[in-house]
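Colleague: quick check, what structure comes out for this input:
(4 chains)
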There are 2 protein chains.
Amino acid sequence: MKEGPPIAQIAALIGDPARANMLGALMSGKALTATELANEAQITRQTASTHLKKLTEGQLLVQRHQGRHRYYALANEEVALTLAGLMGLADLTGQSRTRTGPKDEALRTARACYNHLAGEKGVWLYESLCKQGHLDHKDGTLYLTDNGRAFALTFGIDVDKLENKSSALCRECLDWSARRSHLAGTLGRAFLTRFEEIGWVHRAPKSRAIIFTPRGNREFANHFPL
Amino acid sequence: MKEGPPIAQIAALIGDPARANMLGALMSGKALTATELANEAQITRQTASTHLKKLTEGQLLVQRHQGRHRYYALANEEVALTLAGLMGLADLTGQSRTRTGPKDEALRTARACYNHLAGEKGVWLYESLCKQGHLDHKDGTLYLTDNGRAFALTFGIDVDKLENKSSALCRECLDWSARRSHLAGTLGRAFLTRFEEIGWVHRAPKSRAIIFTPRGNREFANHFPL
DNA sequence: GACACAGTTCGATCATCATCGAAACATCCC
DNA sequence: GGGATGTTTCGATGATGATCGAACTGTGTC
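Modeller: Okay, here's the model as predicted:
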């Protein structure tokens, strides 16, 4: 990796097509094995291995051993949110050639972004929580109100346990192309996990798309009015 | 430029050291000529020209003719904010080797970020405006309150004129390394411009640093209490 | 133990792209 | 017009880095 301004090193890491494909696959939030990532990027396992090494050294990924597998995941939420920002910008500047495919439609409606809900449904969730007074801004930071805390508890989310984690509880994830924010942070991830637990949604097999069941759609609209 | 996922193309553009240096120089918000940018990146003018062409085609920059000069500037605020995000992430992941130089100190205190105020003073401004009830969040978007509008007017900022512009009035610019937001958008730029007009600050010659005069420091603290 | 599977390291190849010298083009000034 | 400055285009060179075949390490299974 050539020397230069720090931003160039990170961008160069993301700038290779193979690596970008891997990062894109990891944006769902799930950890994937080296082989899965190699398939995702359409390269051999050897090549993938060198890429994964670079990404890990660059602190964009972390690896976790599990038997003979090595699972790779995005290093932290900051990486995920920055990548989301870049993706939105790419969309905005018209780098994306393929417009409005049938599968893209599902992604635009609801998708996983580092294990929180993004897309239209993500914006919906966020705005509903704000409007109900469950989330609020104070001096520039997003926080969960007492009302919101109670609401989360009745919804089956153990907020106290979330707060022990080192990363932030509430955070905004900005999507340039939608020009809207939605909820990220450990709370954002907890909501999506809960939706899965209670059978409102399930994940599409090989995609970031989140599929709402008919019941999930109804219940979601009931619990999160706009 | 190799094909691949859209994000890779943008990142690859930023990922070259020479181009990254140019973008860094333009982050102040000022437009610079091709020759100035070549000097900034320490490359010949021919090389700079090809880089600038690529950046312009990639919609990261716009160029403006003025006589025999060609001024280049960041294409829009979205580009600027995304670059700021990447820079913060680079800082966070420890890509930056040079820690806490004497000049970095000034940058951390106050610097220009696409013509709005960033750094500690930027956070200060933002938090003060929030605390005084001049800025508020509603359903996930930042907006100027009626109080804030009146305040801006007495401060010498013509808000009505700003609102006619196509880009957003209020926007947040997130700095990962500081983990705080500050005010961007046309209003953010208007504030910095006004500070310059009334002699509170001036720009360091070849840097993004913003220098507060002694009087500027006092007045700033008076007008924007925390 | 032998075998299959997952992943990494090594070495060689090859394509891409940044770089610069030279030259062309454009604009301003006198 | 002629000369000076700013900028781009062209062509050639060179270095970086992505890629894959082959070989090697480590882990689980029978």
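
Colleague: run a quick neighbour tally on the closest residue to A:Leu26 other than its chain neighbours.
Modeller: Spatially, and ignoring its direct neighbours in sequence, A:Leu26 is nearest to A:Leu74 (5.2 Å; CB to CB, 6 or more residues apart in numbering or on different chains). Bear in mind the C-beta positions are built from the backbone N, C-alpha and C, glycine included. For A:Leu74, the neighbour count with other CB atoms under 10 Å in any protein chain shown is 24.

Colleague: show me what A:Leu74 bridges to in the sheet.
Modeller: Following DSSP bridges, A:Leu74 is listed with bridge partners A:Leu61.

Colleague: contacts only, for it.
Modeller: The contact partners of A:Leu74, by CB atoms under 8 Å, 6 or more residues apart in numbering or on different chains, come to A:23, A:26-27, A:29, A:60-62, A:80, A:83, A:114.

Colleague: buried ones among those residues?
Modeller: Among the contacts of A:Leu74, the ones that count as buried by 16 or more other CB atoms under 10 Å in any protein chain shown are A:23, A:26-27, A:29, A:60-61, A:80, A:83, A:114.

Colleague: which of these sits closest to DNA strand C?
Modeller: Nearest to DNA strand C out of the buried ones among the contacts of A:Leu74 is A:Leu61 (CB to the nearest atom of the strand; 10.4 Å).

Colleague: which element is the residue lying closest to A:Trp200 once chain neighbours are set aside on?
Modeller: In space, and not counting its chain neighbours, A:Trp200 is closest to A:Gly216: 3.1 Å by CB to CB, 6+ apart. Assigning secondary structure by DSSP states H and E places A:Gly216 in helix A:214-223.

Colleague: what's that helix packed up against?
Modeller: Here helix A:214-223 touches helix A:120-131, going by 3 or more CB pairs under 8 Å, 6 or more residues apart in numbering or on different chains; DSSP states H and E.

Colleague: next helix or strand past the helix it packs on?
Modeller: Next along from helix A:120-131, by DSSP H and E: strand A:135-138.

Colleague: residues near A:Asn76, how many?
Modeller: 17.

Colleague: now do A:Thr50
Modeller: Around A:Thr50 there are 11 residues (other CB under 10 Å).

Colleague: that one and A:Thr56: what is the separation?
Modeller: 11 Å (CB to CB, to the nearest Å).

Colleague: run through who's touching the strand or helix carrying A:Asp160.
Modeller: According to DSSP H and E, A:Asp160 maps onto helix A:159-163. Contacting residues not belonging to helix A:159-163 are listed as A:144, A:149, A:152-153, A:169, A:186-187, A:190 [CB under 8 Å, 6+ apart].

Colleague: still on that earlier bit, just checking, the residue nearest to A:Trp200 touches A:Gly199?
Modeller: Yes: with contact defined as CB atoms under 8 Å, A:Gly216 reaches A:Gly199; the gap is 7.0 Å.

Colleague: hey, C-alpha coordinates of stretch A:69-80 in PDB?
Modeller: In PDB, the C-alpha atoms belonging to stretch A:69-80 read as follows (Å, rounded to 0.1, in the frame of the first residue of the first chain):
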ATOM      1  CA  HIS A  69     -13.600 -21.600   9.600                       C
ATOM      2  CA  ARG A  70     -12.600 -18.000   9.800                       C
ATOM      3  CA  TYR A  71     -15.400 -15.700  10.000                       C
ATOM      4  CA  TYR A  72     -15.000 -12.100   8.900                       C
ATOM      5  CA  ALA A  73     -17.100  -9.200   9.800                       C
ATOM      6  CA  LEU A  74     -17.000  -5.400   9.700                       C
ATOM      7  CA  ALA A  75     -14.800  -4.100  12.500                       C
ATOM      8  CA  ASN A  76     -17.400  -1.800  14.000                       C
ATOM      9  CA  GLU A  77     -20.300   0.400  13.400                       C
ATOM     10  CA  GLU A  78     -18.300   3.400  12.300                       C
ATOM     11  CA  VAL A  79     -17.000   1.400   9.400                       C
ATOM     12  CA  ALA A  80     -20.500   0.300   8.500                       C
END
